[in-house]
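> My questions concern the predicted model and sequence given below.
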Amino acid sequence: METLPEAGLLDFLLSSPYVLDLRETYAMHRKVGDYSYYNELVWPLPTHFTPRHLYKLKVDDTFVEPLPVMPWEQAEEEDEREDRDSDSDES
């Protein structure tokens, strides 16, 4: 008497070394691991490089020179001045 194809498939799966036993599956999934964030895996943490009191210090920045004005910024300022002058002339 011939068996259904499902019986042959079940025999193949049960004899396969890659299918785990129910107890092995239970032992493997018994504990759920803790999720670790990326910044917990990176070492050393960025805070290790920065002293905590650094941002509390008052720094004298009077010696710092201002950034140079770029030519396109000067052109924008001149356009704004011309607009203001033309608006004041019309009033």
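Structure received. Not measured: the values here are computed from a predicted model.

> Mind naming the longest helix for this protein?
helix 71-90 (DSSP state H).

> Report the distance from that helix to the chain centre.
Centroid separation between helix 71-90 and its chain, computed with Cα atoms, centre = their mean, to the nearest Å, is 43 Å.

> next one: stretch 58-71
What separates the centre of stretch 58-71 from the centre of its chain is 32 Å, taken as Cα atoms, centre = their mean.

> same question, stretch 12-21
When distances are taken as Cα atoms, centre = their mean, stretch 12-21 is centred 41 Å away from the chain's centroid.

> Can you give the contact residues for it?
Here stretch 12-21 makes contact (Cβ atoms under 8 Å, 6 or more residues apart in numbering) with residue 28. Using the backbone N, CA and C atoms, a C-beta is placed for each residue, glycine as well.

> Also stretch 31-38?
Contacts to stretch 31-38, defined as Cβ under 8 Å, 6+ apart, come from no residue at all.
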